[in-house]
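A.B. asks: missing the sequence, but the structure's below:
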């Protein structure tokens, strides 16, 4: 896929939103359309601005340092933007993350949860958080183990003071994602959590049919990276 041009940003956004609506229409008794998180990692302000102009308001970034180079200005110009951190967060970046982001999707260990809780209290910004689950039990991937998720969610709330609203996962790349999405939904239900962030450009429709409330789409909106 070629890198998107400003002129076709609105068309790509309209196409993705139409696909989201079609997938969601397959769910009997659905309450609300899934939220599209436009993954803007590696793309600069110039590439992002056309999507904002076309109406997109929720974006995701993987790295705090990269987000700091573009989002303070974009958010100042568009105060209704909701910015999600969807990548791994190191504890030495917690202060900057709490100041810049509106949702933290990648809480995956007690040390990080504790640092986030303290920093949010200090800044007076109590951001909604998601716990990242290592849904495929892959040693190279971040995320809390499935068996530890319920206990970790409880500690995040009771010990670290976090507002945990949901779970996030990235299924194994070379396997059908459906069973992993289904597993995350079941786990979220057991934890009493309403938000399920799952599904990316290649599989977001499957994720929606299985219960995603948020899908993270990058290349289908922006084109190829690099």
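C.D. replies: That came through, no problem. Everything quoted here is computed from the prediction, not taken from an experiment. Numbering: from 1, shown residues only.
A.B. asks: State the distance from residue 114 to residue 195.
C.D. replies: Applying C-beta to C-beta, to the nearest Å, the value for residue 114 to residue 195 is 22 Å. Heads up, the C-betas are built off the backbone N, CA and C, glycines and all.
A.B. asks: Show the contacting residues for residue 185.
C.D. replies: Neighbour list for residue 185: 196, 210, 211 [criterion: C-beta atoms under 8 Å, 6 or more residues apart in numbering].
A.B. asks: Need phi/psi at the second one.
C.D. replies: Residue 210 has phi and psi values of phi -90, psi 0 when expressed as degrees, to the nearest 10.
A.B. asks: which residues touch it?
C.D. replies: Applying C-beta under 8 Å, 6+ apart to residue 210 gives the contacts 178, 181, 182, 185, 198.
A.B. asks: Leaving aside the residues adjacent along the chain, what's closest to residue 171?
C.D. replies: Nearest residue to residue 171, sequence neighbours excluded (C-beta to C-beta, 6 or more residues apart in numbering): residue 180, at 3.6 Å.
A.B. asks: doesn't residue 123 make contact with residue 99?
C.D. replies: Yes: proximity of residue 99 to residue 123 meets the contact threshold set by C-beta atoms under 8 Å, at 6.5 Å.
A.B. asks: Let me know the secondary structure of the residue lying closest to residue 66 once chain neighbours are set aside.
C.D. replies: In this structure, residue 66 finds its nearest non-sequential neighbour in residue 41, 6.7 Å apart by C-beta to C-beta, 6+ apart. Following DSSP: H, G, I helix; E, B strand; the rest coil, the label given to residue 41 is coil.
A.B. asks: I appreciate the help and will end here.
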